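**Student:** give me a model of this one.
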Amino acid sequence: MPNSTPRAKIYQYFARMTRLERAVLALLCIFAVKFVFSTVAHFVPALQAVDMLGSGRHPVDVWLLMLCCTAVLGTFCLYRRALRSVSVRLTRFDGVVLAICCVLSAAFYLHAMLGRQSLYLWDNATYYNLQVRLESNFADGVFMGVGSTIYKTWFNDYAPFVINILLEPFFMFTARTANIFAILCALLIPSLVYFSALVLLQVLRRQLAPKSLRLFTALGMAFVLLLPLLHIALYRGMPDLLGVAFAFMLMALLTGYDFDVPAPARLVCVTTFTGLLILTRRSYMFTVVVIFLFYGGWVLLQAALHHRKGAFVRLWQFAIVSLVCVGGPLAPMFWRIVKADYSDRYATYQTGGFFSELHNQYVYLGMLVGAIFLVGFLYGLYKKNARFLSVLSLAGAVATVLLVTRVQNMDDHQSLAVAPFYLLGCFLCALAVANLPWGALRGVTAAVLTALCVLNFGGCSQLLPIVFPSQVYSGLFFYVDNERTDMDQIAQVNDWLRANCSGENSAYMICHGVVYSADVFRAAALPDESIRTLLAYGAVNPGNDAFPKELFTAQVVLTCTPFDPSNHTEKINNAFLENQERYQPFEVAATFDMGNGYTITAYRRVKAPTVAELDTYRSWLAEEDAQYPYNFSAVWDQLEAEFANNG
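**Tutor:** Got it, this is the predicted structure:
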């Protein structure tokens, strides 16, 4: 009779683990012991000197390096376990195709990124800033590093738990600039996406049995390599693409599995990839919901039609366990997202809702990729063994757009949440080509489609001339946000601020447009962040940013001519200039010719702020106050009480 005690079961699980998996477990145990000691030391000052051994960048943080290397090794083990659970074994041909994709992708990104002079701002800079913060938090000890990482994962819109931790072993040995971060992302992340796509194609070709296996694989990978939507965000320094790799693996693990027989290793991998996908970025949560909604519905339908009670029970058991394992640890993040009204907070960025975003998706794809997707969808409906995948590709894409637009609009990087469904439709088009009756016809058709995709990608990325009407191309033309010719002038402004301002938030910049904003100057010398303590973050989104008190408390206020507006910043600037004309609370301290038609003017406060100044802002911003009183009137009332005794 087999021994079923907990100790025996643990031994059985341990015996089934590979050596690498045991190594990951051992490293996690060591790190857990260190975390417990660091937690105790945080509350017992006498132990802090011992706790700080190995911490800090000298030359690297040993404990952060251990954690991140464990994460990278664990991801490798997860992929290997997933391949075993779906019985995928890549052939030499698959390896050649993968190598070609990786080399071509790396060459494109190196050509695009090396030597370009740009600043990474807003979404582009968020992950880079999180990467730098990850190191600084662990420099204060393991307890602070782990606590800060968990807190940001729960309560920030961008989670540092996956992208930053997986990149850190490579990033910590570099100069840590924003350009290096972007290049690392561009070299490492696409490779994982191509590998994951290859795994999904392997699973699909086993289930769909195309006549030409190699052509199906090569054409499918060409679609992945040459889809502009897949690359545009990464080209601009945003590493959201990583989630597509996890989505491909989730699809590969679920495809062909109907829960009719137990598959514990497979389901553990499904749960783990689900968690990784959710933690990559908030928008991928909707990809997860749609994938499980359709696959779950398909399994339940099959179970009902074929009277498979076991499949029904296993599906619900898996759903409950997954909710506990993934939903439990991430409950604070889910609760925050459910409770937050992003549509209200970011109202000025909402651009038309569901139908408008569907049109945007059509523009993002372009007529060529849209036609490829449509052919794949129709062919999938025609093929009995591909009908579910066909429905998933189109209905899944529409459902994801619908869910995301309940929360926010969809720029190109949010649209990556829909990309796995688009590429699934493209894979079905590759299946149609691979099943054509004659080998020569298959080869010619595949070559023509690949050539058209090359022209599409080349035109969008400006590597090739435009030869088709613009509607044919994917409506995502590669460009660098904030490519600069004024870096020296920006440095001059920052040097002046360092010399003339002292104290936190002692300077404020009103303009927050495309050319100039506080972010431009705060991010100009990263990883040097000294200017951030002086120059406050600018208020640009009235639904999310409170009225800036720094207009009254800062020693220096800066603006630009001509004014570079965004949302209500032009009203703030007009009110500021009106106050300056009527009350002269500032004097012009410096002007800077930026060499591009813009002039930055620095005003130094010479009079104490008054209620009369405040009333000018009340008048100009009455509309914003009516919509967001918590960000305006609430701040003004507090300031009015403070200024009551000023002249």
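
**Student:** for the chain, spot the helix or strand the model is least confident about on average.
**Tutor:** None of the helices or strands of the chain scores lower by mean pLDDT, DSSP states H and E than helix 342-345, at a mean of 56.

**Student:** moving C-terminal of that helix, what's the next helix or strand?
**Tutor:** Secondary structure here is assigned by DSSP states H and E; on that basis, the next helix or strand after helix 342-345 toward the C-terminus is helix 353-382.

**Student:** residues of that next one that come out buried?
**Tutor:** Applying a neighbour-count criterion of 16 or more other Cβ atoms under 10 Å, the buried positions in helix 353-382 are 357-358, 360-361, 364-370, 372-373, 375-377, 379-380. In this view, the C-beta of every residue, glycine as well, is placed from N, C-alpha and C.

**Student:** how about stretch 252-267?
**Tutor:** In stretch 252-267, counting by 16+ other Cβ under 10 Å, buried: A252, L253, L254, T255, Y257, D258, F259, A263, R266, L267.

**Student:** can you tell me the distance between the two ends of that stretch?
**Tutor:** The straight-line separation of the ends of stretch 252-267 (Cα to Cα, to the nearest Å) is 12 Å.

**Student:** which residues sit against it?
**Tutor:** 81-82, 84-86, 88, 196, 199-200, 202-204, 206-207, 269-270, 273, 291, 295, 299, 302-303, 308, 310-312, 314-315, 318, 389 (Cβ atoms under 8 Å, 6 or more residues apart in numbering).

**Student:** what does stretch 381-397 give?
**Tutor:** 204, 207-209, 255, 290-291, 294-295, 298, 361, 373, 376-380, 418, 421-422, 424-425, 428, 431.

**Student:** for it, buried residues please.
**Tutor:** Using 16+ other Cβ under 10 Å as the burial criterion, the residues of stretch 381-397 that qualify are A386, F388, L389, S390, V391, L392, S393, L394, G396, A397.

**Student:** in helices, which of those fall?
**Tutor:** The members of the buried residues of stretch 381-397 that map onto helices under DSSP state H are F388, L389, S390, V391, L392, S393, L394, G396, A397.

**Student:** correct me, but Y422 touches L365?
**Tutor:** Yes - contact status for Y422 versus L365: in contact at 6.7 Å, counting by Cβ atoms under 8 Å.

**Student:** so what sits against both of these two?
**Tutor:** L229, F373.

**Student:** look up phi and psi at F592.
**Tutor:** Summarising the backbone geometry of F592 under the convention degrees, to the nearest 10, its torsions are phi -130, psi 120.

**Student:** bridging residues for it?
**Tutor:** As for beta bridges, F592 partners with I600 under DSSP bridges.

**Student:** now it: how far from D488?
**Tutor:** 11 Å (Cβ to Cβ, to the nearest Å).

**Student:** and if you look at F195?
**Tutor:** Plainly put, F195 is 43 Å away from D488 if you go by Cβ to Cβ.

**Student:** pick out whichever of those two has more residues nearby.
**Tutor:** Neighbours were tallied for F195 and for D488 using other Cβ atoms under 10 Å; the higher tally belongs to F195 (19 against 10).

**Student:** SS state for that one?
**Tutor:** The assignment at F195 comes out as helix when based on DSSP: H, G, I helix; E, B strand; the rest coil.

**Student:** what's the closest of the buried residues of stretch 381-397 to D240?
**Tutor:** Distances from those to D240 were compared by Cβ to Cβ; the smallest belongs to A397, at 17.1 Å.

**Student:** strands of this structure, start to end?
**Tutor:** Ranges of strands within the chain are 507-509, 556-561, 586-593, 599-605, based on DSSP state E.

**Student:** show me what the first one is packed up against.
**Tutor:** Think strand 507-509. Packing contacts for strand 507-509, counted by 3 or more Cβ pairs under 8 Å, 6 or more residues apart in numbering; DSSP states H and E, involve helix 518-522, helix 550-553, strand 556-561.

**Student:** would you convert the ones you listed into JSON lines that also reports mean pLDDT and mean neighbour count?
**Tutor:** Formatted as JSON lines, the helices and strands packed on strand 507-509 follow (pLDDT from 0 to 100; neighbours: other Cβ atoms under 10 Å):
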{"stretch": "helix 518-522", "mean pLDDT": "87", "mean neighbour count": "24"}
{"stretch": "helix 550-553", "mean pLDDT": "91", "mean neighbour count": "20"}
{"stretch": "strand 556-561", "mean pLDDT": "93", "mean neighbour count": "21"}
